[in-house]
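J.: Just the structure for this:
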Amino acid sequence: MALATAQKPWRDPDTAKLTTTRFYDGLTFHRIIADFIIQTGNPAAGLKRGGGPGWTLVREEGTPNGYAQEGALGMVDAEDDSHGSQFFITAKPARNLVGRYTPFGRCDNPEIVRAISNVETYPAGEGEKSPTRPRKPVPLRRVTVTRQP
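T.: Predicted coordinates for the structure are as follows:
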């Protein structure tokens, strides 16, 4: 939430300087797996994999039954305690993600998630299991955070 609302500084991959602008606004969904997930949060998506805010978070349990419905938000990680800024949104229920990725919220418009999850992607590259890179950039214009009681 702090990156989305500009409450926590992050390191700009282009300048290597700390900034406190809204992190997610204008990023793209750089990884798309058809009818499964869409992923964003990498400020260096065109440059490298694994980009983030310049710091990491400890893995948490997340919300109970977090992946029981479509539109679940989950933290991307490379391994334990490597959460940063990247997250995905599920296009359908994904109980197979329980215990592997921290669920932390829900997208209030799963129809858009499903539409994005079905955009055309480039063929899988060498060493990739499936095509995931969209042919046309899919921007994340603005993130709005609301808390549910």
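J.: Show me the shaky parts of the protein.
T.: Low-confidence segments of the chain (pLDDT under 70): 45-50, 80-81, 149.
J.: ok, now which ones touch the residue nearest in space to the middle of it?
T.: Centroid-nearest residue in the chain: Phe87, 2.3 Å away (criterion: Cα atoms, centre = their mean). Counting by Cβ atoms under 8 Å, 6 or more residues apart in numbering, Phe87 makes contact with 39-41, 73-76, 104. Any C-beta I mention is one placed from the backbone N, CA and C, and that applies to glycine too.
J.: hey, what's it bridged with?
T.: Thr40, Met75 (DSSP bridges).
J.: all helices in this protein, in order from the N-terminus.
T.: 110-116 (DSSP state H).
J.: ranges for the strands of it?
T.: Taking DSSP state E as the criterion, the chain carries its strands at 10-11, 18-19, 31-33, 37-40, 72-75, 87-90, 103-106.
J.: can I get those in CSV with distance to Ala2?
T.: Formatted as CSV, the strands of the chain follow (distance: least, Cβ to Cβ, whole Å):
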stretch, distance to Ala2
strand 10-11, 9
strand 18-19, 13
strand 31-33, 23
strand 37-40, 16
strand 72-75, 14
strand 87-90, 13
strand 103-106, 12
